[in-house]
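Peer 1: Got a sequence here, can you build the structure:
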Amino acid sequence: MILKMMTNHAGDYGKNLRQRRWAFLAILAIGLVGLGCYLWLVPGSGLSDHAQGFYLGGACGITGAGLGLLMRNEWMLRHPEKWRKARIQETDERSQRIVAQAAQLAGVGVFFLQALAAFVLVAVDRRLVTVLLCSMAAYVLLFLGGRLGLSRKL
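Peer 2: Coordinates of the predicted model:
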């Protein structure tokens, strides 16, 4: 849904779908790179079975999602008669507002969950806390950058 919001041009739904094609190809490429890492880098790395399974599961999931989204998008491009219903669903102001609020709540929730996890992880491993704090700092910087960019654009 977030990709739909980012590739929403008011007049041309076909242009929206063509832009999404590139986003879905990028997702597919990330998954394929993950599979490549699993095949060529992981076997001799000495990683635990858990880490190897994470590589394989994550790469397969991302590859499958990218492939599924790309196939649906290509199907939509070949059936313009289906565009009307999809465009109406995407441009509905109520559903757009719901998605924006859900994304906002999710971001704030993750931020606070990371803060809680940092307090717990201090006793476990300082490196994990550093990763969490860097992730939280990246969130704040992205928020401030997004706000600055949008204030200039709008």
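
Peer 1: where does V42 land in three-state SS?
Peer 2: coil (DSSP: H, G, I helix; E, B strand; the rest coil).

Peer 1: my guess is it contacts G58, does it?
Peer 2: No: in this structure V42 lies outside contact range of G58 using Cβ atoms under 8 Å: 11.6 Å. The way it works is simple: take the backbone N, C-alpha and C, and place the C-beta from them, glycine included.

Peer 1: Please parse the chain into its domains.
Peer 2: 1-91, 93-154 (automatic domain parsing).

Peer 1: Columns mean pLDDT and mean neighbour count on top of those domains, output as CSV?
Peer 2: Output for the domains of the chain, formatted as CSV (pLDDT from 0 to 100; neighbours: other Cβ atoms under 10 Å):
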stretch, mean pLDDT, mean neighbour count
domain 1-91, 83, 14
domain 93-154, 90, 11
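
Peer 1: Show the backbone phi and psi for the residue sitting furthest away from the middle of the chain.
Peer 2: Most distant from the centre of the chain: A123, at 30.8 Å, with distances by Cα atoms, centre = their mean. As for A123, its main-chain torsions (degrees, to the nearest 10) stand at phi -80, psi -20.

Peer 1: how close does it get to V129?
Peer 2: The gap separating A123 from V129 is 10 Å, by Cβ to Cβ, to the nearest Å.

Peer 1: what's the answer for A29, then?
Peer 2: Distance of A29 to V129, computed by Cβ to Cβ: 32 Å.

Peer 1: and the residue lying closest to Q52 once chain neighbours are set aside, what does it touch?
Peer 2: In space, and not counting its chain neighbours, Q52 is closest to V42: 5.4 Å by Cβ to Cβ, 6 or more residues apart in numbering. Listed by Cβ atoms under 8 Å, 6 or more residues apart in numbering, the contact partners of V42 are A51, Q52, Y55.

Peer 1: How about F111?
Peer 2: The contact partners of F111, by Cβ under 8 Å, 6+ apart, come to M136, Y139.
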